[in-house]
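1. Dropping the sequence and predicted coords here.
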Amino acid sequence: MAPVAISEPIAALPSVAELKSAATNRQFQAHKGVSDDFMYAFKYDTSLPTLENLGTDFDTDADVNALVSKFVDQEFAPALKSSNADQFASLFIDSGVWRDKVSFTWEYRTFNGREKILSAATDLLPKTPVSEVKLITPAPSLEKPYDDLHFAQAHLSITTDKVTASAVVNFVFTRQGLKIWTLHTAIEGLNGFPELPNRDGHMVGDVSWTRQREIDTDFEGTEPEVVIIGGGHNGLMMAARLKALGVPALMIERNARIGDNWRQRYEALSLHFPHWADHFPYMPYPEHWPVYTPAAKLGDYLEWYCSAMELHAWCSSSVTHAEQKADGSFTLEIDRGAKGKRILHPKQLVMATSLAGVPMTPVIPGSDKFKGTLRHSTEHDSSRAWVGKKVLVVGTSSSGFDTAYDFARRGIDVTILQRGATYIMSLTNSVPRMLGAYMPKEGKRPDLDVADRLAYSMPVGPGEELGRRMCDELVALDQPLLEGMEARGFKTWKGQRGTGVQTLGYTKNGGFYFDAGACKHIIDGSIKVEQGWIDHFTEDKVYLNGDREREYDLVVFATGFSNTIDSVRRTLGDEIANRVKPIWGMDEEGELNSAWKDCGVPNFWIMVGTLQHGRYHSKKVALRIKALLEGIAGESYKK
């Protein structure tokens, strides 16, 4: 059953079993977090091509490899090579989707439905000559994720006049034979500009390797073509991709050391998902790496990565002035602290400072009078000093749960304050379903390129429908957990648009929690739950809405971050920030508004997202930057 609320409080029940029993037998009331259209403009909802909708299925003895090979050789490849838009569009079902990343559109675009596909293909195919289309590994396969949804899947390589691209194609069997349900094409390389080979490495110069690193990083007598603001995982991955393409790039990092953005977080923090999807480009984690990476260890790894890949970073540095010139290049004033100031003139600029914006703490009457301690969750370091005290954690996304759990595990009296419903998943059930393609099999890691192609290939429309199915599956599997949470007065729900974590990841970038241990403490009562918000403070009291008087020694605001644009504004100033379009949030065709793509400011790129996002999208953005620097980039398709 869906995670829903208890209509009357039963917190006094003595045991977890009775709580769960009561939760099952009482009347439930559905919760809501944010509206379905919050930061979500997508408008091409279509049903899945189920067997019922298609009215047919693959034959039980069908040779999928032969079917797909024939289709690719005799229909798909000829349509592309001849630039025949009508033939190309006819290969799709009516509700088919073509999603492209840079390879044809020089942008991130999705074309939903045959009419949109035909329009785009009419414009794009004549300008993008295709010379080769071939199947690549893994071989075509028949996928049956559900009893009513069967499709063939193939991986392709496509060569155009300017790029090599990969493609993932999902085919369904119709009364007219094989048809394309979804096609995802994505740039993988630039013709004539391959990644650089490994250099010889023999030390034959006049200076040592260490001294040469200092000279190169200081850019003595030269300048970087690309400046990357931020030396976290997104900045490092971008720098590594650009270095491999022969593009001089420099990171500007405000912390004293690369990795401090993870080292300086609370001591109990580990990543919530297994590291399987988090490997860095060119340098995956070594074998025997812990499944859930400790934050401080990740910080050290970032520093190792910077050194091993010989990337260039100015630490303890910040941008004090930025402007864009008429030719699209930038002028940056960099404060290097004890090393003084430096003016740089990069041709391209990348913002890689944060997954979100700046820490956001609500302004609450009386907070200036409160004699207890108030802090944002980003300032939380350890619960050790608060044994014997009373703590309130405001917020129920991942940082709120993590912080409350850190106190509860030491027996500290802690309460979590929830204002809106939260989507909850167990790791046991969610990890295999969400990271299955990356999970090691029999001790062997899967091919990351293949896993990434699959992970990023499904367009938002059908992905949304599949997300609802997965959410329903997880809710059913996690029913005891969710009912136990509800019985303690915690509000759970099925996420925005009923897709669990999927849509929330595109919009709020929060509002969910992969249970890393805190849920048990809520169910057994060692983390107490209050609903609502803080109305005001007095010197020694915290008043919740409804005039509920409480006493706490410490209040931690796990209230998240502002919009990413605030980070841009704080770093680069109003003139540039005012031209940046919304960053997170879904546009009407099914792409994020301006992450990893045109953001409204020429030659300026927003690199945000998780470690997995960073590895995947850094390659696409770096190739696009390289093409612009070499003068071979096509025009971004806007129609």
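-> That came through, no problem.
2. distance of F151 from G177?
-> 14 Å (C-beta to C-beta, to the nearest Å). C-beta coordinates here come from the backbone N, C-alpha and C atoms, glycine included.
3. And the two? Which one has more around it.
-> F151 (21 against 12; other C-beta atoms under 10 Å).
4. a helix runs through that one, doesn't it?
-> No: read with DSSP: H, G, I helix; E, B strand; the rest coil, F151 is strand and lies in no helix.
5. Need the pLDDT of it.
-> The model reports F151 with a pLDDT of 98.
6. hang on, it packs against V172?
-> Yes: here F151 reaches V172: they are 5.1 Å apart, a contact under C-beta atoms under 8 Å.
7. Pull up the overlap in contacts between the two.
-> 49, 181 (C-beta atoms under 8 Å, 6 or more residues apart in numbering).
8. Is the residue lying farthest from the centre of the chain in a helix, a strand, or coil?
-> With distances taken as C-alpha atoms, centre = their mean, the residue sitting farthest from the centre of the chain turns out to be D206, at 44.4 Å. Here D206 is recorded as coil under three-state DSSP.
9. give me every residue that touches it.
-> Contacts of D206 by C-beta under 8 Å, 6+ apart: none found.
10. Roughly how far does it sit from H312?
-> 20 Å.
11. Tell me how far A167 lies from P145.
-> 20 Å.
12. Compare those two and say which one has the larger neighbour count.
-> Per other C-beta under 10 Å, whichever of A167 and P145 has more neighbours is A167, with 25 against 11.
13. quick one, helices of the stretch 251-400 of the chain?
-> 260-263, 295-308, 398-408 (DSSP state H, counting those that start in this stretch).
14. and the residue farthest from the centre of the chain, what pLDDT?
-> Taking D206 on its own, its pLDDT is 91.
15. do the same with the one 10 residues further on
-> Reading off the per-residue confidence, D216 sits at a pLDDT of 95.
16. All the strands of the stretch 251-400 of the chain, in order from the start?
-> 313-314, 318-324, 330-335, 341-344, 348-351, 373-376, 390-394 (DSSP state E, counting those that start in this stretch).
17. for the second one, packing partners?
-> Packed against strand 318-324 by the contact rule (3 or more C-beta pairs under 8 Å, 6 or more residues apart in numbering; DSSP states H and E) you find strand 330-335, helix 564-572, helix 574-577.
18. Single out the most deeply packed of these.
-> helix 564-572 (a mean of 21; mean count of other C-beta atoms under 10 Å).
19. so what secondary structure elements neighbour that helix?
-> strand 318-324, strand 348-351, helix 574-577.
20. let's see it at 6 Å
-> helix 574-577 (3 or more C-beta pairs under 6 Å, 6 or more residues apart in numbering; DSSP states H and E).
21. immediately after the helix it packs on, which helix or strand?
-> Once helix 574-577 ends, the next helix or strand along the chain (criterion: DSSP states H and E) is strand 604-606.
22. Now do the SS call for the residue nearest to F219 when sequence neighbours are not counted.
-> Spatial nearest neighbour of F219, excluding adjacent residues (C-beta to C-beta, 6 or more residues apart in numbering): L250 at 6.4 Å. L250 falls in the strand class when you classify it by three-state DSSP.
23. So L250 sits against V226, correct?
-> No: with contact defined as C-beta atoms under 6 Å, L250 does not reach V226; the gap is 7.5 Å.
24. What are the neighbouring residues in contact with I229?
-> 252, 351, 353, 571 (C-beta atoms under 6 Å, 6 or more residues apart in numbering).
25. quick check, nearest of these to G631?
-> M351 (23.8 Å; C-beta to C-beta).
26. If that closest one is in a bridge, with which residues?
-> I229, I606 (DSSP bridges).
27. What segments of the stretch 1-150 of the chain are strands?
-> 5-6, 28-29, 92-101, 108-112, 130-146, 149-160.
28. For the second one, give the mean pLDDT please.
-> In other words, strand 28-29. pLDDT averaged over strand 28-29 gives 38.
29. Check the longest one too.
-> For strand 130-146, the per-residue pLDDT values average out at 97.
30. now the first one
-> When the per-residue pLDDT values of strand 5-6 are averaged, the result is 22.
31. count of neighbours near K32?
-> Counted with other C-beta under 10 Å, K32 comes out at 12.
32. Then the one 3 residues further on?
-> S35 is surrounded by 10 other residues when neighbours are defined as other C-beta under 10 Å.
33. same question, the one 10 residues further on
-> D45: 13 surrounding residues under other C-beta under 10 Å.
34. Now it. Nearest residue, chain neighbours left out?
-> G461 (6.4 Å).
35. do H312 as well
-> Distance criterion C-beta to C-beta, 6+ apart; nearest residue to H312, sequence neighbours excluded, is T217 at 4.4 Å.
36. Also K297?
-> Per C-beta to C-beta, 6+ apart, closest to K297 is P290, 7.3 Å.
37. do M39 as well
-> G585 (3.5 Å).
38. circling back: any chance of the strands of the stretch 251-400 of the chain in JSON lines, with distance to G443 and mean pLDDT too?
-> Formatted as JSON lines, the strands of the stretch 251-400 of the chain follow (distance: least, C-beta to C-beta, whole Å; pLDDT from 0 to 100):
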{"stretch": "strand 313-314", "distance to G443": "35", "mean pLDDT": "98"}
{"stretch": "strand 318-324", "distance to G443": "45", "mean pLDDT": "97"}
{"stretch": "strand 330-335", "distance to G443": "46", "mean pLDDT": "98"}
{"stretch": "strand 341-344", "distance to G443": "47", "mean pLDDT": "98"}
{"stretch": "strand 348-351", "distance to G443": "37", "mean pLDDT": "98"}
{"stretch": "strand 373-376", "distance to G443": "42", "mean pLDDT": "95"}
{"stretch": "strand 390-394", "distance to G443": "39", "mean pLDDT": "97"}
